[in-house]
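Visitor: quick one, fold the following:
(one chain, ligands or ions: 2)
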Amino acid sequence: MSEYVLETKGLGISFGGLKAVSDVNLKVKKGEIYGLIGPNGAGKTTVFNLLTGVYTPTEGTFFLDGKELKGLSQEKINRSGIARTFQNIRLFNNMTVVRNVMVGLHNRKEYSCSVMQSIFRMPAHFSVERRMREKAKELLDIFGLLEERNNLSCNLPYGKQRKLEIARALATEPQLLLLDEPAAGMNPIETEDLRRTVEIIRDRFGVTVLLIEHDLKFVTEICNEITVLNFGTVIAQGTVKEALSDPQVVKAYIGS
Ligand SMILES: Nc1ncnc2c1ncn2[C@@H]1O[C@H](COP(=O)(O)OP(=O)(O)OP(=O)(O)O)[C@@H](O)[C@H]1O
Ligand SMILES: [Mg+2]
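Guide: Residues are numbered from 1 along each chain as shown. Ligands and ions are numbered 1, 2, ... in the order given. Got it, this is the predicted structure:
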């Protein structure tokens, strides 16, 4: 067991010779809610893409609970324990709410059955289906979405779609959950509800959260520590208060 759930060492990537992200060193402790902030184009989403196998780092590496994950596929990284949501919501719009969560469960061993069992609709197939549906309903209940389970996800209001995306990511049973601007576009009531949701993720599921967010009030209320990026490099790290009062951070935000 490592002291840190996530540790990155000199993490970076260049696209066609241009460094988008460079020398990012994060140390995220278990049970923390950790913020990654910075002006538009700072490289925040790119860091998530590196941590989830969308891109392979061209510099440095990263570890989940001491295990190096650099170079693994997106699926393997997810199975290893990192799940994410996206800056623009990605749900299966033509599927019901409960089906969307069941998709997340497919990555787990206890819900696997052979292709033959599925094609021939053998009893094992139905029992796996049933157990998955029950598990998905449990998750939906925790997130206050149980009543909506048979609605198409595209018919949910925005705040609930965001929560559903989080529930689906949690269904993969991650150790670390990455949330890319979860509060974007939310009204104050939805943002408050999101804050409680993130606390549930930490307290009830024991999942560590790394989140990107522009809403600094939200960040201040919820994050233990933050890292501030600007032009792909880290300009400040520490408690929210420390980092936000750093002159370079003040300048980056006023300049943007
Ligand atoms: N596949 C890619 N090819 C080339 N450049 C890329 C690629 N992905 C990201 N970049 C560049 O990396 C930089 C950082 O982008 P990124 O999306 O990570 O920023 P961000 O901090 O998430 O911004 P925002 O707050 O607007 O979401 C940008 O200049 C972007 O153009
Ligand atoms: Mg982004």
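Visitor: show me where pLDDT drops low in the stretch 51-200 of the chain?
Guide: For the stretch 51-200 of the chain, applying pLDDT under 70 flags the ranges 111-126.
Visitor: now do the phi/psi pair for the residue of it found nearest ligand 1.
Guide: As assessed by Cβ to the nearest ligand atom, ligand 1 sits closest to residue 87 within the stretch 51-200 of the chain, at 5.7 Å. C-beta coordinates here come from the backbone N, C-alpha and C atoms, glycine included. When read as degrees, to the nearest 10, the backbone of residue 87 gives phi -60, psi -40.
Visitor: number of residues surrounding it?
Guide: Neighbourhood size, residue 87 [other Cβ atoms under 10 Å]: 14.
Visitor: residue 49: what's it in contact with?
Guide: residue 55 (Cβ atoms under 8 Å, 6 or more residues apart in numbering).
Visitor: mind checking what secondary structure it has?
Guide: In three-state terms, and counting by DSSP: H, G, I helix; E, B strand; the rest coil, residue 49 is helix.
Visitor: from residue 10, how far off is the residue of the stretch 51-200 of the chain closest to ligand 1?
Guide: As judged by Cβ to Cβ, to the nearest Å, residue 87 and residue 10 stand 25 Å apart.
Visitor: what do you get for residue 135?
Guide: Taking Cβ to Cβ, one finds residue 135 at 39 Å from residue 10.
Visitor: in stretch 216-235, what's buried?
Guide: 218-219, 222-223, 225-230, 232-235 (16 or more other Cβ atoms under 10 Å).
Visitor: try stretch 193-204
Guide: In stretch 193-204, counting by 16+ other Cβ under 10 Å, buried: 193-195, 197-198, 201-202.
Visitor: in helices, which of the residues you listed fall?
Guide: With DSSP state H as the criterion, helices contain 193-195, 197-198, 201-202 from among the buried residues of stretch 193-204.
Visitor: and residue 1, what does it touch?
Guide: Here residue 1 is in contact with 65-66 (Cβ under 8 Å, 6+ apart).
Visitor: what residues does this protein have near ligand 2?
Guide: 44-45, 87 (Cβ under 5 Å from the ion).
Visitor: what is the most widely separated pair among the ones in helices among the buried residues of stretch 193-204?
Guide: 193 and 202 (15.5 Å; Cβ to Cβ).
Visitor: residue numbers of the chain in contact with ligand 1?
Guide: Applying Cβ under 6 Å from any ligand atom, we find that the chain lies next to ligand 1 at 15, 20, 38, 40-46, 87.
Visitor: Serialize these to TSV and add fields for distance to residue 64 and secondary structure.
Guide: Shown next, in TSV, are the residues of the chain next to ligand 1 (distance: Cβ to Cβ, whole Å; DSSP: H, G, I helix; E, B strand; the rest coil):
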residue	distance to residue 64	secondary structure
15	25	strand
20	22	strand
38	23	coil
40	28	coil
41	27	coil
42	23	coil
43	20	coil
44	19	helix
45	19	helix
46	18	helix
87	22	coil
